[in-house]
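1. next come a sequence and a model predicted from it.
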Amino acid sequence: MRLIGFSTGALARSDFNLALKELLNKNVDSIELSALRFHELRPLLESLSQLNLSRYRYVSIHAPSQLKSAEELEAIELLQHYLPSDWPIVLHPDAITDYSRWRVFGKRIAIENMDRRKSVGRTADELKMIFDFLPEARLCFDIGHARQFDTTMTEAYRILKAFVNRLCQVHVSEVNSASQHDRLSYGATLAFEQVARLIPESIPLIIESRVTNKEIDLEIESARKALPAYTTALLPV
């Protein structure tokens with residue numbers, strides 16, 4: 001069975017403590033600690049030593065989605081200082097102002113494919129250009145972004161075919177026309193099922209759907225249905 005969990009930002013925006021509390025009695029084994037806004041990063045990182053994350057088999061952190069040049073330097077310094085060395089760092093490509101600064105993290109960087117609002121990182125070809133600058137980086141595949149950009153799931157297939165060996169985690173949600181993360185619909189579930197066999201069983205699912213505490217269990221069930229774990233994935237060659 002796939003590892004599965006939530007982004008703290010989906011459950012409680014910047015209140016990661018509240019998000020972790022809401023997950024205490026839930027059947028999850030993975031977590032993404034979210035600091036989507038720059039001012040959220042330091043408080044999160046400084047709190048890591050007080051957080052009990054022992055139940056989680058997979059932990060990642062989402063770096064701020066927008067960074068000015070000076071903020072980028074500070075974010076990198078903070079991540080280097082506070083972050084455990086084995087945690088992936090999810091990074092939006094349009095938040096990067098200087099690729100050379102991020103190479104220090106090597107394969108810990110997980111570049112996320114973008115939604116249709118953005119000008120980079122939406123397609124396999126655009127991601128290839130980013131990986132040319134960050135050759136060791138991995139991929140955080142946002143399947144909701146891929147479907148919003150191309151509802152036929154052709155681009156999702158192309159991204160997985162090209163970069164499955166870089167795959168680190170999968171973001172799961174329905175991304176609406178306003179690029180907001182909603183609960184999975186029947187249509188999204190059917191679309192995601194089309195490429196589920198291309199995602200190795202070992203890759204964790206991180207749910208980004210905006211849900212209430214009462215909806216957490218149902219969304220976990222929906223995510224597992226949309227992206228079931230296959231013993232033998234159809235890995236692209």
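-> Cool, the structure landed. Numbering: from 1, shown residues only.

2. only C-alpha atoms for contact and neighbour calcs from this point on.
-> Fine.

3. can you give the distance of stretch 2-20 from its chain's centre?
-> Here stretch 2-20 is found 12 Å from its chain centre; the criterion is CA atoms, centre = their mean, to the nearest Å.

4. could you pull out the buried residues of it?
-> Buried positions in stretch 2-20, judged by neighbour count with 16 or more other CA atoms under 10 Å: 2-14, 16, 19-20.

5. which residues touch that stretch?
-> Stretch 2-20 is contacted from outside by 28-36, 40, 44, 57-58, 201-213, 220, 228-229, using CA atoms under 8 Å, 6 or more residues apart in numbering.

6. do that again at 6 Å, thanks
-> 28-34, 201, 204-210, 229 (CA atoms under 6 Å, 6 or more residues apart in numbering).

7. between the two ends of that stretch, what distance do you get?
-> 20 Å (CA to CA, to the nearest Å).

8. quick one: classify the nearest residue to Val28 once chain neighbours are set aside as helix, strand or coil.
-> Once flanking residues are discounted, Val28 sits nearest to Gly5: 4.9 Å by CA to CA, 6 or more residues apart in numbering. Following DSSP: H, G, I helix; E, B strand; the rest coil, Gly5 is assigned to strand.

9. what about Gly5, distance to Asn213?
-> Gly5 is 13 Å from Asn213, by CA to CA.

10. what sits closest to Ser179 if chain neighbours are left out?
-> Ser179 sits nearest to Asp115 (CA to CA, 6+ apart), 6.9 Å away.

11. for the protein, which helix or strand comes out least confident on mean pLDDT?
-> For the chain, counting by mean pLDDT, DSSP states H and E, strand 181-182 ranks last in confidence among helices and strands (a mean of 94).
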